[in-house]
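# Sequence and predicted structure are below.
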Amino acid sequence: MKYPLVSVICLCYNHEPFLREALDSVFTQTYPNIEIIIADDASTDGSVNIIRDYCARFQGIQLLLNTTNLGNCRAFNRALTYATGEYVIDFATDDVLLPDRIMEQVNCFAGLAEDYGVVYTNALLIDEFSQPIRNFYRNLPNGKLTPAPASGWIYADLVKRFFISAPTMLIRRTVLEKLGGYNEELAYEDFDFWVRSGRYFRYYFLDKVLTKRRLHPHQLSKQLYKKHDKQLHSTVQVCATALSLNRTANEQAALAFRVKYEFRKAVSTGNFIEALLLADIMHQLKALTGVYKLVATILNGFLQLRKLADNFKGKVEHDTNRTVR
């Protein structure tokens with residue numbers, strides 16, 4: 001049996017409480033041909049000391065220590081330039097790989113056509129103390145899973161809804177090469193990667209639990225939909241990218257569904273600028289109708305009034321300062 005090289009890019013930022021469990025899960029894989037790249041993104045806790053300990057114990061680790069925090073997208077892309085594997089795992093070191101994770105997914109890829117770019121799986125969600133919560137995909141009484149996974153050419157599904165647990169993905173290297181890695185202008189990578197890769201490659205869902213995905217208060221996803229949220233702004237940018245990639249009426253409808261959802265979230269969290277940007281995409285989709293059009297009109301008027309008020313306040317302060325002098 002052939003064992004194509006798999007590059008595991010381990011991304012760490014202040015993961016000290018979880019790091020040993022994460023790295024142990026990489027080194028206990030049953031798959032025999034793994035390239036390990038550890039990239040620490042300027043951690044301020046004890047993560048680097050733990051990483052150095054593993055580098056001393058295990059030969060062949062490629063270690064990248066960023067002197068400044070680059071963020072997930074840039075840190076991953078930098079590590080990717082050192083990777084030589086046929087397949088790549090983007091592994092956050094607060095998660096855990098089950099022992100057969102890589103073997104199972106590589107075997108799955110072996111039976112798929114070359115245009116399959118990603119194999120993803122179910123995951124066991126765990127808390128900060130490694131205690132199980134539930135599976136990411138849950139069984140319904142009718143035997144189906146929720147959220148509903150999809151396989152094949154699933155671009156429209158990827159645009160419309162979030163249904164993949166990103167830590168479970170094994171990615172064919174050629175996918176990342178075609179995309180030029182992650183988009184470094186964005187605050188997070190998942191949605192943009194799914195949209196752009198789904199346009200050119202097929203996806204396959206392997207119905208097995210092969211990863212433990214950790215949920216804890218400090219992870220990036222906990223910041224989503226907060227006021228002045230950079231991730232929401234990135235979501236708007238990805239929706240604009242999808243608009244440029246769409247080819248069919250079904251894909252336009254999928255994007256309209258997504259944009260309306262994000263618009264509601266933006267309005268409810270006070271991210272009004274992002275809401276208006278989403279309204280513009282709805283307008284281009286010919287989907288800015290009814291209550292969405294009404295709310296967008298009200299928001300636009302509100303922001304114009306706020307701008308006038310700010311200008312007036314600035315003028316008053318300027319005149320007051322001149323009078324005092």
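Sure, I can see it. Residues are numbered from 1 along each chain as shown.
# residue boundaries of the helices in the stretch 101-250 of the chain?
Secondary structure of the stretch 101-250 of the chain, counting by DSSP state H, counting those that start in this stretch: helices at 101-110, 155-160, 173-179, 190-200, 230-245, 249-268.
# ok, now how distant is the closest residue to V195 other than its chain neighbours from Q284?
Closest residue in space to V195, ignoring its immediate chain neighbours: A242 at 5.1 Å, by CB to CB, 6 or more residues apart in numbering. In this view, the C-beta of every residue, glycine as well, is placed from N, C-alpha and C. According to CB to CB, to the nearest Å, A242 and Q284 sit 11 Å apart.
# More neighbours: the two, which one.
Counted by other CB atoms under 10 Å, A242 and Q284 do not tie: A242 has more neighbours, with 28 against 15.
# check contacts around the more buried one.
A242 makes contact with 159, 195, 251, 255, 258 under the criterion CB atoms under 8 Å, 6 or more residues apart in numbering.
# redo that, cut-off 7 Å
A242 makes contact with 159, 195, 255, according to CB atoms under 7 Å, 6 or more residues apart in numbering.
# and the second one, how far is that from I164?
If I follow you right, that is V195. Between V195 and I164 the computed distance is 12 Å (CB to CB).
# on that earlier part again, need the pLDDT of the residue nearest to V195.
A242 is assigned a pLDDT of 99 by the prediction.
# and if you look at Q219?
pLDDT, Q219: 65.
# can you tell me the helix or strand for F18?
Here F18 sits within helix 16-27, counting by DSSP states H and E.
# so for the helix or strand following that helix, what's the average pLDDT?
Scanning forward in sequence from helix 16-27 by DSSP H and E, the next helix or strand is strand 34-40. The average pLDDT within strand 34-40 is 99.
# count of neighbours near the spatially closest residue to Y188 that is not a sequence neighbour?
Distances taken as CB to CB, 6+ apart place Q231 nearest to Y188, at 5.2 Å, with adjacent residues excluded. Around Q231 there are 17 other residues, counting by other CB under 10 Å.
# What distance do you get for Y31 to A166?
Distance of Y31 to A166, given as CB to CB: 20 Å.
# now swap in D100 and tell me
D100 is 20 Å from A166, where distance means CB to CB.
# What of V238?
14 Å.
# Looking only at neighbour counts, state which of the two leads.
Using other CB under 10 Å as the criterion, V238 and A166 rank with V238 on top: 23 against 20.
# Tell me the pLDDT of the residue nearest in space to the middle of the chain.
Central residue of the chain (CA atoms, centre = their mean): D190, 2.4 Å from the mean position. Looking at D190, its pLDDT stands at 97.
# do the same with H318
Looking at H318, its pLDDT stands at 54.
# Kindly report the same for D310.
For D310, the model assigns a pLDDT of 70.
# Shouldn't it be within a helix?
Yes. Counting by DSSP: H, G, I helix; E, B strand; the rest coil, D310 falls inside a helix.
# Now the closest residue to F272 other than its chain neighbours, what are its backbone angles?
Excluding the flanking residues, the one nearest F272 by CB to CB, 6+ apart is L299, at 5.2 Å. Here is the backbone geometry of L299 (degrees, to the nearest 10): phi -60, psi -40.
# what's the neighbour count on L299?
18.
# ok, now A150?
17.
# that older thread, give the other helices and strands that the helix holding F18 contacts.
The contact analysis (3 or more CB pairs under 7 Å, 6 or more residues apart in numbering; DSSP states H and E) places helix 16-27 against strand 6-12, helix 47-57, strand 96-97.
# got a list of contacts for it?
8, 10, 12, 15, 36, 45-47, 50, 54, 58, 93-97, 130, 214.
# Make a PyMOL selection of the buried ones in these.
For the buried members of these, the matching PyMOL selection, counting by 16 or more other CB atoms under 10 Å, is:
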select buried, resi 8+10+12+15+36+47+50+54+93+94+95+96+97+214
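# separation between the closest residue to N33 other than its chain neighbours and Q62?
Counting by CB to CB, 6+ apart, N33 lies nearest to Y3, which is 4.1 Å off, once chain neighbours are set aside. To Q62, Y3 is 19 Å away according to CB to CB.
# higher neighbour count, those two?
Set Y3 next to Q62 and count neighbours by other CB under 10 Å: Q62 wins out with 17 against 13.
# pretty sure the more buried one contacts Y82?
Yes. In this structure, Q62 is within contact of Y82 by CB atoms under 7 Å, at 5.4 Å.
# intersection of neighbour lists for those two?
I37.
# which sections of the stretch 201-325 of the chain are below the confidence cut-off?
Along the stretch 201-325 of the chain, the model assigns pLDDT under 70 to residues 219-223, 309, 312-325.
# 80 instead?
Within the stretch 201-325 of the chain, the stretches with pLDDT under 80 are 218-225, 306-325.
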